[in-house]
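In: okay, here's the prediction I keep looking at, along with the sequence it came from:
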Number of protein chains: 2
Amino acid sequence: MSLQCCRHAPPSSSRLGPLFLLADCQTETGKAWVCPTVRQTLLQIANDPTLDHEYLPVLGFPEFTRAATELALGRESRAVIENRAGGIHTVGGTGAVRIGAEFLWRWYNTSSPTPIAVYIAFPQWGNLRCIFQDVGFTEIQPYHYWDTVRLAVAVEGFLEVLESAPDCSIVVLHAPEETGLTPKQWEKVARVMGRLFPFFDVPAQGLASGDLDRDAWALRHFVAQGFELFCAQSFSKTFGLYDERVGNLIVVARDNETLVRIRSQLQKQVMGTWATPASLGARVIATVLNNPALLNKCLRMLAEKIMLILEKLKEKLRILGTPGCWDHLTAQSGTRSFTGLLSSQVAFLEKHKHIYLLGNGQVSVCSINSHNLDYVAQSINEAVSSTEGRAQGLSWAEME
Amino acid sequence: MSLQCCRHAPPSSSRLGPLFLLADCQTETGKAWVCPTVRQTLLQIANDPTLDHEYLPVLGFPEFTRAATELALGRESRAVIENRAGGIHTVGGTGAVRIGAEFLWRWYNTSSPTPIAVYIAFPQWGNLRCIFQDVGFTEIQPYHYWDTVRLAVAVEGFLEVLESAPDCSIVVLHAPEETGLTPKQWEKVARVMGRLFPFFDVPAQGLASGDLDRDAWALRHFVAQGFELFCAQSFSKTFGLYDERVGNLIVVARDNETLVRIRSQLQKQVMGTWATPASLGARVIATVLNNPALLNKCLRMLAEKIMLILEKLKEKLRILGTPGCWDHLTAQSGTRSFTGLLSSQVAFLEKHKHIYLLGNGQVSVCSINSHNLDYVAQSINEAVSSTEGRAQGLSWAEME
């Protein structure tokens, strides 16, 4: 079940109605949270009488793609300086994955005698498999990097998958979302990926650690190691502007000539898919990205919001005496968190408490607010206490 | 060369710079014309503090698709009343053609033993062929419905093409754009299309005759005759909101059950392409479409603008004594007009006057304004007088 689909379900902060712990960042009253700075910028742009509403170029709003690409790779990135990295403004993160996947399929379909395999992390499997299947790939495999017993990243299994993957396989890497790998783990991943093509998926840079550069570490490490890669970037979660569909497909090539050739192919694809992307959302995001003060303000507000919710939830569970250790809640980062609840406990919450989360116990932290926190904590407590329990796993501190 | 691409070229109203007679509706100063009512509506929506910027549903903004579909088919359409017609909100008209073409390819690819042919009118050949090719069709043919000698619709040749087309061929029908067929000619077309699938392309309903219902005549006639069909609808030209990419794919099915099944397939496609469309543009268009007073105001302003320009150009050419008859200029309707200039005369304008139009002599009427009208008329006069001329064809009045 995809998070995106779940967001269409009516969110509720009431104890009586159903409660979906899958929505992205919400206000205290259960509405989607839009960064106030973003809302203000949108108004300024809509008010601009000189804006002529012409079509954007096929590859989108250049001020946006440049700022977004530099945000991800860093202004000092050698790939940026050597003019061999560039962005393509797309219709959301999905559009970026789609255009990238289609390019890779066409490229490999004419150059490789055997079908190319695609590896997608299990939590993103539902959303992304459809896209790769749609464009023509037939060999699509999920990989797991989360140990549901230890409630921690299982990097050994992930490395084994990568080592046994056929040459030229495409690996979709999710960073820094979810329960991210540490820099040392990413280094190991990069070392075994020399024969493979990395396709990064960065839906919410800055939201994991609250620090833009730290969240871009894995991607920048791959670029520094000389990888050619794609990166699908989205700004919906970061700024709450979900409905304007602002995405960017970053291409890092070996040299400028290759980049120009790839962009030319991507341009043909875009012309046959949506011709040019919508402009207003990208103008808003570009304005924020190009103004460091605005950007930092937005990110700080959101990261603080997330950490506060997790601290509060852990404290409530402690007070209620809920069995198990809940330190993993605050040891994780990002907008989505693994609660460590068993599928039977998830089913209990659904059946008896009308609280809905993913079957693997994952919730979107931002959907918890002061109106529903007590009810969520109390319900988790009952679920854990009343089902055949086991300890909620070890904390990260205990594992290390 | 596609009109869309040309719009990215810098427009100019100066005699010194290059003059592109290919841009869509422009202001007197050569900027893209945005209907003032639309601009005002956009501001109101952006100012709305209750707008939460959540994702739209996968198939888009329901108020928009319903209003747009009813605009095209008519509220009293049996297909609408019987709940067997519905819209899919897409990323512009291109997105509508893409999603529709992809559906048809998947449908026929599994149900037809032989490749299905696609017929596209010559003026739209460049843009649309890529899309049908991209999704998998291999048998794509252009058809001609414009007699370049008589400078009029050549319906006999078009009917011959349709009669000889293999069963189940897809025919992209352009109405009411360009030099439209008369209702009697459309009736003949519908009669020979029983074995074929009509895919209407309606990029600017209301702009051809200034009357929404008259411009929808052909589409409604096909629906009344019981055809199942697709229709790609765009609102960029009508309202000048090019950059917000507001399109609608209308599906007319034999019954509600079939419509529901098709929508379900289209939903899967959209999820793998752009997930959900951008919202703001569609909210603006929906507001205008659902308010008849606003809508009529927008359309009347634009249609009057176009007719005035053509009248002025014809009068200037008459005063200059330009060889040939120019009545065909005002006998046509729509934003694009065939000037009847020979390719040698088009080349003369390009080389000596820095005026750029399509090789077949087609111009976008709205790119002519009071600042460049004298220069355009004088240059056409020189082109016709100085090249090896022929009469500029017969007027429509003479042909009938």
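Out: Thanks, I have the structure now. Numbering: from 1, shown residues only, chains lettered A, B, ... in the order given.

In: all strands for the stretch 301-400 of chain A, in order.
Out: Using DSSP state E, counting those that start in this stretch, the strands of the stretch 301-400 of chain A run over residues A:336-338, A:355-356, A:362-364.

In: rebuild those as CSV, extending it with mean pLDDT and mean neighbour count.
Out: (Each C-beta comes from the backbone N, C-alpha and C, glycine too.) Output for those, formatted as CSV (pLDDT from 0 to 100; neighbours: other CB atoms under 10 Å in any protein chain shown):
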stretch, mean pLDDT, mean neighbour count
strand A:336-338, 72, 24
strand A:355-356, 86, 20
strand A:362-364, 78, 24
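
In: residues contacting the most centrally placed residue in chain A?
Out: Note on chain A: the residue nearest the mean C-alpha position is A:P203, at 3.2 Å, using CA atoms, centre = their mean. A:P203 makes contacts with A:93, A:177, A:232-234, A:236-237, as judged by CB atoms under 8 Å, 6 or more residues apart in numbering or on different chains.

In: related to what we said a few turns ago, and chain B, which of the strands of the stretch 301-400 of chain A is closest to it?
Out: Checking the strands of the stretch 301-400 of chain A against chain B by CB to the nearest CB gives strand A:362-364 as the closest, at 13.4 Å.

In: counting neighbours, what do you get for A:I120?
Out: Residues contacting A:I120 under the criterion other CB atoms under 10 Å in any protein chain shown number 24.

In: can you check what angle separates the host helix or strand of A:T287 from helix B:280-289?
Out: In the assignment (DSSP states H and E), A:T287 maps to helix A:280-289. Interaxial angle of helix A:280-289 relative to helix B:280-289 (axes from the mean of the first three to the mean of the last three CA atoms, to 10 degrees): 140 degrees.

In: near chain B, which residues of the stretch 251-400 of chain A show up?
Out: Neighbours of chain B within the stretch 251-400 of chain A, by CB under 8 Å from any CB of the partner chain: A:268-269, A:271-281.

In: where exactly do the strands run in the stretch 151-300 of chain A?
Out: Under DSSP E, counting those that start in this stretch, the stretch 151-300 of chain A gives strands at A:152-153, A:170-174, A:197-202, A:229-234, A:246-252.

In: and those as CSV, adding distance to B:E54 and mean neighbour count?
Out: Below are the strands of the stretch 151-300 of chain A laid out as CSV (distance: least, CB to CB, whole Å; neighbours: other CB atoms under 10 Å in any protein chain shown):
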stretch, distance to B:E54, mean neighbour count
strand A:152-153, 31, 21
strand A:170-174, 23, 23
strand A:197-202, 22, 24
strand A:229-234, 15, 26
strand A:246-252, 15, 29
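
In: if we can go back for a sec, is the closest residue to the residue nearest to the centre of chain A other than its chain neighbours in a bridge, and if so with what?
Out: Of all residues not flanking A:P203 in the chain, A:S234 sits nearest, at 4.6 Å (CB to CB, 6 or more residues apart in numbering or on different chains). Judged by DSSP bridges, the bridge partners of A:S234 are A:G247.

In: go ahead and confirm A:T258 touches A:A85.
Out: No: taking contacts as CB atoms under 8 Å, A:T258 lies outside contact range of A:A85: 10.9 Å.

In: quick one: which of those two has more around it?
Out: A:A85 (23 against 14).

In: beta partners for the more buried one?
Out: Counting by DSSP bridges, A:A85 is bridged to A:V252.

In: give me the neighbour count for A:T339.
Out: A:T339 has 28 neighbours, counted by other CB under 10 Å.

In: who touches the residue lying closest to it once chain neighbours are set aside in this structure?
Out: Nearest residue to A:T339 in three dimensions, chain neighbours excluded: A:G361, at 4.6 Å (CB to CB, 6+ apart). The contact partners of A:G361, taken as CB under 8 Å, 6+ apart, are A:338-343, A:345-346.

In: try A:I309
Out: Contacts for A:I309 (CB under 8 Å, 6+ apart) come out as A:365-366, A:368-369, A:373.

In: which pair of those spans the longest distance?
Out: Spanning the widest gap among the contacts of A:I309 are A:C366 and A:L373, at 12.3 Å by CB to CB.

In: more neighbours, those two?
Out: Using other CB under 10 Å, the more surrounded residue of A:C366 and A:L373 is A:C366, with 23 against 16.

In: any idea how far A:L302 is from that one?
Out: Remark: distance between A:C366 and A:L302 (CB to CB, to the nearest Å) = 8 Å.

In: just the closest of the contacts of A:P203 to A:D215, please.
Out: Nearest to A:D215 among the contacts of A:P203, with distances taken as CB to CB, is A:E177, at 9.0 Å.

In: rewinding a little: pLDDT score assigned to the residue nearest to A:T339?
Out: Listed pLDDT for A:G361 reads 80.

In: same question for A:R84.
Out: What the model reports as pLDDT for A:R84 is 98.

In: can you check the one 3 residues further on too?
Out: A:G87 carries a pLDDT score of 98 in this model.

In: looking at the strands of the stretch 151-300 of chain A, which is nearest to B:L310?
Out: strand A:246-252 (39.9 Å).

In: tell me what the closest one is packed against?
Out: helix A:62-73, strand A:85-91, helix A:92-111, strand A:229-234, helix A:256-271, helix A:280-289 (3 or more CB pairs under 8 Å, 6 or more residues apart in numbering or on different chains; DSSP states H and E).

In: out of these, which is the most enclosed?
Out: strand A:85-91 (a mean of 27; mean count of other CB atoms under 10 Å in any protein chain shown).

In: rewinding a little: which among the contacts of A:G361 end up buried?
Out: Burial by neighbour count, 16 or more other CB atoms under 10 Å in any protein chain shown: within the contacts of A:G361 this picks out A:338-342, A:345-346.

In: coming back round to it: so the residue nearest to the centre of chain A versus A:R245, what's the distance?
Out: Counting by CB to CB, the gap from A:P203 to A:R245 is 13 Å.

In: and what of A:L56?
Out: 13 Å.

In: contact partners of the helix holding A:T287?
Out: Looking at what lies outside helix A:280-289 - CB under 8 Å, 6+ apart - the contacts are A:37-38, A:41-42, A:44-46, A:56, A:60-61, A:63-64, A:67-68, A:71, A:89, A:235, A:239, A:241, A:244-246, A:294-295, A:298, B:243-244, B:278, B:280-281.
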